[in-house]
Structures are given as structure tokens and as C-alpha cells.
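> This is a predicted model, with the sequence first.
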Amino acid sequence: MEKKKKILIVEDEKNIAQVLLYNLVKAGYEAEVASDGGAGLARGSSGEFDLILLDIMLPVMNGFEVCERLRRVTQVPIIFVTAREEEKDKILGLDTGADDYVTKPFSFRELLSRIRANIRRSSSEPVAEKKAEQSEPILIGDLCIDRERYSVTRKGEEIELSKKDYDFLVFLAENAGHAYSRAELLEQVWGYDGYIGDVRNVDVTVCRLRNKLEDDPGRPEYLLTKRGVGYYLRLP
């Protein structure tokens, strides 16, 4: 019998935590609640969980800091579940290394779909990583994507990217010149279909990558837009 996947809920509002706990257990998961950021960081760093649901407004330590510190020790999928819906908060949340961002109130059915997609994608990554280790670096102008070392450099200087940004860039680099719609990118990089995916995740990721890769993000040379279609990486 397959072992149940285990989810950590980092949430200080007891009613929301209990609703999440009840529904996750009902859906076949093991689940545990941490009621403040410090406890969430400690439990999330333990390696016991397959996914973390993380609020932002927490006692002791806010969710942004928890996420950033967790990313130093684990690549377990992290989904922010929060009432803060401003674009700047979403950008900051994804910048700290989260895989997704869901605003309250939310549909549990939608959240469950995102949980399943993230766990499925995380569970399948070792195979993809083994394949990547056998790949040659991708060179596009002075941009070098080394899939064996999981590093990106430009003009010899390393560019720090979150895992999601790296996955996004590698996918486009492996398909350079081909433009993908936001819905296609959600499916290929996030593992979401159009029903559960938020296309703003794609736009936020593109904006972040352009700020790191381009001399002038407003006039990109690498990560380009094809009007009416979507985004693509220029051909080598």
C-alpha cells in the first residue's frame, strides 16, 4: 500500500487551519498544523512533508521569511494560502521561492488540484534531473544554461534563480524559438491545466526573469513576447 503524502499547514487562524486539516485528511492525505512562523520553519525543515501550505501573516515570523529560509534547506513544494492579494505580495511570495500563490477565500477543489499537481511534479523530478545531468549546456548569446550543474550565467557571472524560474527558463531554452501561450506554460512548467492555473504566475515569472537576464528589461533580447501567442526564448 502506497504511503500517504504528508502536508504541513502553517496557519494561525484556527478555523481555517481546521477546515484545511479536515478536508486534506478526507482527501487521503496526512496533515499537521503549525500555528506560527517559527514552528512552521522548524517542522518544514524536518524533511517529513511532501508539500507545505503557508500563510503570510503569521506570529513570530512572517510567511515570506519562512519560505525564504525553508528554500535554503529544502525544495519541497510550497503554496502560499493568504488573504493578501496585491500583485506586489504575489511577486514577493514567488520571489522567495514559493511554487504557487492562492488567495483567500478559495475553492478547496481548486486548491486540492494545485496540491496534487505540485506533489506529482515534485515526485517525478528525480527522473528529469537524471536526464538533465546528461545534457550539454545551452548557449544563447552570452547566456549559458548548464543543466548538469543547475546554473545560469551571463557574461561569466552566475545569476541566482529560484527553482521555478530555473525550470521555466530551461523549458523555454530546450524549445528555443517556439512561442508558448500562458496556458501551455502553466501546463508544462507548473503542471496545471487551464482550470486551476493562474496565468498571472507566468507573467510574474517572465517579469522576474527579464529583470535578472536582460540589460534593459523593457526591451528584452532573450525572453521575448510574440504578440497574440505568448513567450519564447530567442534561438541560439
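Good, I have the coordinates.
> Tell me who's in contact with the residue nearest the centre of the chain.
The residue lying closest to the centre of the chain (CA atoms, centre = their mean) is D99, at 2.0 Å. By CB atoms under 8 Å, 6 or more residues apart in numbering, the contact set of D99 is P77, I78, I79, N118, K164, W190. Heads up, the C-betas are built off the backbone N, CA and C, glycines and all.
> Which ones among the residues you listed lie within helices?
The members of these that map onto helices under DSSP state H are N118, K164.
> Dump the contacts of D99 to CSV, plus distance to F49 and pLDDT.
Formatted as CSV, those follow (distance: CB to CB, whole Å; pLDDT from 0 to 100):
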residue, distance to F49, pLDDT
P77, 9, 94
I78, 10, 96
I79, 12, 95
N118, 12, 89
K164, 18, 85
W190, 20, 84
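> how about the nearest residue to E13 once chain neighbours are set aside, what does it touch?
Leaving aside its sequence neighbours, E13 sits nearest to D55 (CB to CB, 6 or more residues apart in numbering; 7.6 Å). By CB under 8 Å, 6+ apart, the residues touching D55 are V10, E11, D12, E13, G63, F80, V81, T82.
> residue contacts, the second one?
Remark: with contacts taken as CB under 8 Å, 6+ apart, E11 is in contact with A17, L20, V33, A34, S35, L53, D55, L58, V81.
> Let's see if you can find the most crowded of those.
The residue in these with the most neighbours, by other CB atoms under 10 Å, is L53 (27 neighbours).
> Would you verify that that one is located in a strand?
Yes - checked against DSSP: H, G, I helix; E, B strand; the rest coil, L53 lies within a strand.
> and it, how far is that from G156?
40 Å (CB to CB, to the nearest Å).
> Tell me where the model's unsure across the chain.
1, 124-134, 193-197 (pLDDT under 70).
> Quick one: the strands in it, in order.
6-10, 30-34, 51-54, 78-82, 100-103, 138-140, 143-146, 151-154, 157-158, 223-226, 230-233 (DSSP state E).
> Include distance to S122 when you put these into JSON lines, please.
Conversion of the strands of the chain to JSON lines gives the following (distance: least, CB to CB, whole Å):
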{"stretch": "strand 6-10", "distance to S122": "12"}
{"stretch": "strand 30-34", "distance to S122": "16"}
{"stretch": "strand 51-54", "distance to S122": "8"}
{"stretch": "strand 78-82", "distance to S122": "11"}
{"stretch": "strand 100-103", "distance to S122": "12"}
{"stretch": "strand 138-140", "distance to S122": "24"}
{"stretch": "strand 143-146", "distance to S122": "21"}
{"stretch": "strand 151-154", "distance to S122": "21"}
{"stretch": "strand 157-158", "distance to S122": "25"}
{"stretch": "strand 223-226", "distance to S122": "25"}
{"stretch": "strand 230-233", "distance to S122": "24"}
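> of all those, which lies closest to N201?
Nearest of the strands of the chain to N201, taken as CB to CB: strand 100-103 at 6.9 Å.
> Tell me which strands the closest one pairs with, and in which orientation.
Strand 100-103 sits in its sheet next to strand 78-82 (parallel), going by DSSP bridges.
> Report the angle between the partner strand and strand 6-10.
40 degrees (axes from the mean of the first three to the mean of the last three CA atoms, to 10 degrees).
> Mind listing residues that contact strand 78-82?
11, 20, 51-57, 63, 67, 70-71, 89, 93, 97-104, 106, 111, 114-115, 118.
> rewinding a little: take the contacts of D99 and write them to JSON lines, including neighbour count.
Below are the contacts of D99 laid out as JSON lines (neighbours: other CB atoms under 10 Å):
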{"residue": "P77", "neighbour count": "25"}
{"residue": "I78", "neighbour count": "27"}
{"residue": "I79", "neighbour count": "20"}
{"residue": "N118", "neighbour count": "22"}
{"residue": "K164", "neighbour count": "19"}
{"residue": "W190", "neighbour count": "23"}
